[in-house]
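>>> sequence and predicted structure are below.
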Amino acid sequence: MLAKSRGYRLLALSFLLSTGASWAQITAIEGDVKGADGQMVRNAQIVIEREDMKGTYKGAKTDKKGHYIYNGLPIGRYTVSVLIDNQKKDEVAHVQTKLGDPVPIDFDLSKAAAQQAAADKATDAASLTKDQERGLSKDQKEALEKRAKENAAAMAKNKALNDAFNAGKEALAQKNYDAAIDAFKKGADLDPNQHVIWANLADTYVAMAATKTGADQQAALDQGLQAYQKAIALKADEAPYHNNYALALAKAKKIDEAKAELTKAAQLDPTQAGKYYYNLGAVLVNTGQTGASEDFFKKAIEADPNYADAQFQYATALSAKLTTGADGKVSAPPGMQEALNKYLELQPNGQFADAAKGMLQMIGATIQTDYSNPNAKKGTTKKK
């Protein structure tokens with residue numbers, strides 16, 4: 001008669017996972033700069049400033065075709081500015097970089113000049129001389145005053161919106177979740193169509209939920225899920241939003257919904273599918289849902305067979321199905337031995353190498369003594 005090995009199952013569950021911390025987060029921004037005369041601008045300076053923390057990136061310039069590219073940016077949110085002769089001509093705020101192809105940010109200074117002219121015209125009422133003012137009709141004066149008030153209100157709103165967003169990011173970085181929520185809510189009230197504000201509000205609620213228990217934890221998770229839904233409604237093609245929403249759904253034990261959102265994230269960004277599936281498996285293990293994690297670690301290695309940690313965690317999840325016969329012999333489920341050997345092939349000296357060898361010994365498998373990473377021979381060692 002066969003019986004499940006309880007002792008080893010507890011050992012297998014003792015491995016603490018980290019969701020995605022080991023993945024490189026290097027991104028790029030590129031684009032074209034067209035001058036006010038409609039011609040491409042050469043040697044325009046590009047300055048990139050990080051919004052969610054301190055960091056300024058300089059050095060990029062446009063080539064003779066007016067094109068620029070800046071590689072090596074950490075994944076994050078930025079303001080991208082174009083300068084000509086050290087004078088700022090235009091900027092684009094809230095640029096979210098992502099892994100894969102560079103994010104395109106183009107500048108058309110003819111449009112920027114037209115916008116500035118309109119703004120200047122809207123404020124002319126304050127600078128009119130008395131003679132000029134007498135030359136205007138009543139309707140012209142009222143129209144000019146109205147434009148000036150609208151422009152002033154728009155400028156004040158934009159400043160208030162940026163101030164609220166930056167205050168929320170700073171509070172979130174300091175784990176002051178109540179203050180972050182208040183700031184992001186203020187931003188959402190000012191402009192409910194800013195998907196980045198809803199996404200950050202969602203992140204804050206989910207982070208707060210981790211500090212709560214019981215009904216308070218569930219309430220925070222529910223608020224986070226609602227905020228993710230609003231962010232996705234505004235920006236449905238943003239794969240990280242679907243990924244983060246899926247992780248929050250998993251924490252709320254809504255596994256089927258989480259799987260559906262993760263599938264969307266993988267479809268939108270296939271290059272990161274392995275990471276997305278691995279992250280969900282990790283969340284499930286860390287929330288005590290190890291049985292459900294097996295499927296996602298399997299999907300992670302199907303998406304990326306050379307994802308070493310996913311191979312090991314898949315084997316660990318399968319260890320819950322170990323059985324022990326009457327003779328004391330331990331039998332492993334299909335796929336477990338292969339996953340352990342693949343991990344050791346990819347990471348012979350990795351953080352889980354000793355554990356993998358111990359698991360192989362326990363199931364009576366032969367352990368090789370010459371494991372080596374085939375990618376390392378080519379100078380392309382797989383990053384975890």
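Done, it's in.

>>> thought L109 was touching K88?
No. Using C-beta atoms under 8 Å, L109 makes no contact with K88, being 11.1 Å away. From N, CA and C alone the C-beta is placed, and that goes for glycine too.

>>> overlap in contacts of these two?
Common neighbours of L109 and K88, counting by C-beta atoms under 8 Å, 6 or more residues apart in numbering, are V82.

>>> those two: which has the busier surroundings?
Taking neighbours as other C-beta atoms under 10 Å, L109 and K88 compare with L109 leading, 21 against 11.

>>> tell me who's in contact with the more buried one.
By C-beta under 8 Å, 6+ apart, the neighbours of L109 are V33, K34, G35, A36, V41, V82, K89, D90.

>>> now what about stretch 44-60, what contacts it?
So stretch 44-60 is in contact with 29, 33, 61-62, 66, 68-70, 73-74, 76-84, 86, 89, 93-94, 107, 165-166, 169, 173, going by C-beta under 8 Å, 6+ apart.

>>> buried stuff in it?
A44, Q45, I46, V47, I48, R50, E51, D52, Y57, A60 (16 or more other C-beta atoms under 10 Å).

>>> domain ranges for this protein?
Split into domains by automatic domain parsing, the chain comes to 1-25+269-384, 27-98.

>>> where among those is the average confidence lowest?
Note on those: lowest mean pLDDT is at domain 1-25+269-384, with a mean of 75.

>>> can you give me the strands in the protein?
Ranges of strands within the chain are 3-4, 26-34, 45-50, 56-61, 67-74, 77-84, 87-96, 103-104, 107-108, 323-324, 330-331, based on DSSP state E.

>>> that older thread, among the contacts of L109, which pair sits farthest apart?
Across these, the longest distance by C-beta to C-beta is 11.9 Å; it joins A36 and V82.

>>> quick check: end-to-end length of stretch 59-71?
11 Å (C-alpha to C-alpha, to the nearest Å).

>>> pick out the residue nearest the middle of the chain.
With distances taken as C-alpha atoms, centre = their mean, P240 lies nearest the centre of the chain, 4.6 Å away.

>>> so what's it up against?
If you count contacts by C-beta under 8 Å, 6+ apart, then P240 has K98, A265 around it.

>>> what's near enough to touch the residue nearest to T211 when sequence neighbours are not counted?
For T211, ignoring the flanking residues on the chain, the nearest one in space by C-beta to C-beta, 6 or more residues apart in numbering is Y177 at 7.4 Å. Going by C-beta under 8 Å, 6+ apart, Y177 touches A171, T204, Y205, A207, M208, T211.

>>> is it true that the first one touches N200?
Same thing as A171. No. A171 lies out of contact with N200 (C-beta under 8 Å); the separation is 10.4 Å.

>>> give me the neighbour count for the residue nearest to Q347 when sequence neighbours are not counted.
Leaving aside its chain neighbours, Q347 sits nearest to A308 (4.3 Å; criterion: C-beta to C-beta, 6+ apart). For A308, the neighbour count with other C-beta under 10 Å is 27.

>>> ok, now how distant is A308 from Y278?
11 Å (C-beta to C-beta, to the nearest Å).

>>> what of L262?
Using C-beta to C-beta, L262 is found at 10 Å from Y278.

>>> what's the overlap in contacts for these two?
F296.

>>> just for the stretch 101-250 of the chain, where's the confidence low?
112-148, 150-157 (pLDDT under 70).

>>> repeat the analysis, applying 80 as the threshold.
The stretch 101-250 of the chain contains residues with pLDDT under 80 at 111-158.

>>> which parts of it are helices?
109-122, 130-134, 138-173, 177-190, 195-209, 214-234, 239-251 (DSSP state H, counting those that start in this stretch).

>>> let's have those in JSON lines, adding distance to S331.
As requested, the helices of the stretch 101-250 of the chain are arranged in JSON lines below (distance: least, C-beta to C-beta, whole Å):
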{"stretch": "helix 109-122", "distance to S331": "69"}
{"stretch": "helix 130-134", "distance to S331": "94"}
{"stretch": "helix 138-173", "distance to S331": "48"}
{"stretch": "helix 177-190", "distance to S331": "47"}
{"stretch": "helix 195-209", "distance to S331": "40"}
{"stretch": "helix 214-234", "distance to S331": "39"}
{"stretch": "helix 239-251", "distance to S331": "30"}
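
>>> and K98, which of these is closest to it?
helix 239-251 (6.6 Å).

>>> okay, the angle between that closest one and helix 214-234?
Using axes from the mean of the first three to the mean of the last three C-alpha atoms, to 10 degrees, the inter-axis angle of helix 239-251 relative to helix 214-234 is 160 degrees.

>>> and helix 239-251 with helix 195-209, angle?
Interaxial angle, helix 239-251 versus helix 195-209 (the same axes, to 10 degrees): 30 degrees.

>>> show me what counts as buried in helix 239-251.
Neighbour-count burial for helix 239-251 [16+ other C-beta under 10 Å]: 239-251.

>>> possible to save those as CSV with distance to A231?
Shown next, in CSV, are the buried residues of helix 239-251 (distance: C-beta to C-beta, whole Å):
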residue, distance to A231
A239, 12
P240, 10
Y241, 5
H242, 10
N243, 12
N244, 9
Y245, 8
A246, 13
L247, 14
A248, 12
L249, 14
A250, 18
K251, 17
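
>>> for these, which one is nearest F297?
A250 (13.2 Å).

>>> residue contacts, that closest one?
With the criterion set at C-beta under 8 Å, 6+ apart, A250 makes contact with A258, L280, V283, L284, T287, Q289.

>>> now the buried members of those residues.
A258, L280, V283, L284.

>>> which ones among these map onto helices?
Counting by DSSP state H, those place A258, L280, V283, L284 in helices.
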